[in-house]
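A.B. asks: next input, structure requested:
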Amino acid sequence: MLVYPQLESGALSQFPVIKTRSTRTVVNRAADGSTVRLADPFADTTEWLLTYSDLSDPEAIALSDFFEASQGSLNSFVFVDPGGNLFAWSERLDHGAWQRDPLLSVVEGIADPRGGTAAWRLMNTGGGEQTIRQTIAAPGDYKYAFSAYVRSEEPSRIALSMSGQSVDQDVTPDWTRVWLAASGVPGASSVQFTMTIAAGATVEVFGPQAEAQGGASPYMSSTRGGVYEGAYLADDELAITRTGFNRHSCKVRIIHANHL
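C.D. replies: Residues are numbered from 1 along each chain as shown. Alright, predicted model coming up:
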């Protein structure tokens, strides 16, 4: 499937990004005048307006080539939300979206660095390393930033890894954000993000986040995840304006509808 191109910087967009989500409620009015209202989850529509300026020649060519390959609004593609957390259920580490090794237990309701109780306690009761991980159906050719807040009563270590690349970080009694920036495996259709807990260690974790860019941005809670398969260009024309030497500007509208 086609994949929306990433910029040379590793970002998918520039500011401002306008994201609009539309939902539908089905109303059934009975003969006695009473009504029953139900959300229609299959009618959700999400639209992005991406505004680009000072694109380099290669970036402008990549967008133009992508437009030709998609034939305007005809063909669907994979779009990664440039302003979203790609993980599903980032605050439910016991959800099926997360896979963990058998000797790693998770406890919810732990005080988090924002003053809430959305952190999780990960306890490795085994004699070897244990992992918790999530695999997302995102392009392997992209650059990603993988981050999380961590702390531990006893000094420990945690490893963040993706696509064979890893970073080992100290864990202290204070909440600290650890992160890894790396590229996926070229040509792959999925990326796996892993947190590894040392043998016998207990680490508290809050706000795991994956983003299609070169660095970590402020944490965003997520449930759905940020990968949209079956997205479409909203227009059949792409107007790229040359604003100077090796400089171009344009606007791109992208739409994803659950019912398409």
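
A.B. asks: C-alpha from now on. contacts and neighbour counts both.
C.D. replies: Will do.

A.B. asks: what sits against the closest residue to Ser183 other than its chain neighbours?
C.D. replies: Nearest residue to Ser183, sequence neighbours excluded (Cα to Cα, 6 or more residues apart in numbering): Lys143, at 4.2 Å. Neighbouring residues of Lys143 by Cα atoms under 8 Å, 6 or more residues apart in numbering: 10, 181-184, 212-214.

A.B. asks: secondary structure, pLDDT and distance to Ala159 for those - can I get that in a markdown table?
C.D. replies: Shown next, in a markdown table, are those (DSSP: H, G, I helix; E, B strand; the rest coil; pLDDT from 0 to 100; distance: Cα to Cα, whole Å):
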| residue | secondary structure | pLDDT | distance to Ala159 |
| --- | --- | --- | --- |
| Gly10 | coil | 89 | 23 |
| Ala181 | strand | 95 | 13 |
| Ala182 | strand | 93 | 14 |
| Ser183 | strand | 91 | 17 |
| Gly184 | coil | 89 | 17 |
| Ala212 | coil | 94 | 20 |
| Gln213 | coil | 93 | 20 |
| Gly214 | coil | 90 | 18 |
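
A.B. asks: who wins on neighbours among these?
C.D. replies: Ala212 (29 neighbours; other Cα atoms under 10 Å).

A.B. asks: what is the burial count for the closest residue to it other than its chain neighbours?
C.D. replies: Excluding the flanking residues, the one nearest Ala212 by Cα to Cα, 6+ apart is Tyr144, at 4.5 Å. Neighbour count for Tyr144, taken as other Cα under 10 Å: 23.

A.B. asks: for Phe206, same thing?
C.D. replies: 27.

A.B. asks: is it correct that Phe66 falls within a helix?
C.D. replies: Yes. Checked against DSSP: H, G, I helix; E, B strand; the rest coil, Phe66 lies within a helix.

A.B. asks: per-residue pLDDT of it, please?
C.D. replies: On the pLDDT scale, Phe66 is placed at 97.

A.B. asks: is it true that it touches Pro5?
C.D. replies: Yes. With contacts counted by Cα atoms under 8 Å, Phe66 reaches Pro5, the gap being 7.3 Å.

A.B. asks: neighbour count for these two, which is higher?
C.D. replies: Pro5 (21 against 17).

A.B. asks: quick one: contacts for that one?
C.D. replies: So Pro5 contacts 12, 62-63, 66 (Cα under 8 Å, 6+ apart).

A.B. asks: how far away is Phe146 from Gly207?
C.D. replies: 10 Å (Cα to Cα, to the nearest Å).

A.B. asks: more crowded one of those two?
C.D. replies: For Phe146 versus Gly207, neighbours defined as other Cα under 10 Å are more numerous around Phe146 (27 against 24).

A.B. asks: just checking, the residue nearest to Ala212 touches Ala181?
C.D. replies: Yes. Between Tyr144 and Ala181 a contact is recorded at 5.7 Å, counting by Cα under 8 Å.
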